[in-house]
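In: Show me the folded form of this:
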Amino acid sequence: MLTLDQLISEATALPDTAKAILLDKILESMTEQIDRDVLNEGVQKAQYRIAEIDSGTVQSIPGDVGLAQVRQLLGK
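Out: Predicted coordinates:
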């Protein structure tokens, strides 16, 4: 396996078109991880919110309530 310095040396010696393909593949792999992280964070947040509702810590607002009604409920 190449060291990071060797990899950088070989990658920078590539023709521009090959560099572009390599860069695209690296970004694609990072995007997939970022997407998974964002999804996991969203799932954790949803689970936390559901637990708050189930415990009675917070109350949910019915989906058919309009923005004006929400403002009224909040006293704004």
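In: and residue 41, what does it touch?
Out: By CB atoms under 8 Å, 6 or more residues apart in numbering, residue 41 lies in contact with nothing. For glycine as for every other residue, the C-beta is placed from the backbone atoms N, C-alpha and C.
In: For residue 25, see how far away residue 6 is.
Out: Per CB to CB, to the nearest Å, residue 6 is found 18 Å from residue 25.
In: do the same with residue 41
Out: Note on residue 41: its distance to residue 25, by CB to CB, is 25 Å.
In: and what of residue 58?
Out: Taking CB to CB, one finds residue 58 at 44 Å from residue 25.
In: Mind checking what helix or strand follows the lengthiest helix in the chain in sequence?
Out: Longest helix of the chain, by residue count under DSSP state H: helix 16-55. Next along the chain after helix 16-55, taking DSSP states H and E as the criterion, comes helix 67-74.
In: Low-confidence ranges, the chain, go.
Out: 76 (pLDDT under 70).
In: run the last query once more with 80
Out: 61-67, 70, 73, 76 (pLDDT under 80).
In: For it, which residue occupies the most central location?
Out: residue 38 (2.0 Å; CA atoms, centre = their mean).
In: Tell me how far stretch 49-61 lies from the chain's centre.
Out: Distance, stretch centre to chain centre, for stretch 49-61: 24 Å (CA atoms, centre = their mean, to the nearest Å).
In: So what touches it?
Out: Contacts of stretch 49-61 (CB under 8 Å, 6+ apart): 70, 73.
In: start to end distance for it?
Out: From its first residue to its last, stretch 49-61 covers 13 Å (CA to CA, to the nearest Å).
In: Check the burial of residue 2 by counting its neighbours.
Out: Using other CB atoms under 10 Å, the number of residues around residue 2 comes to 10.
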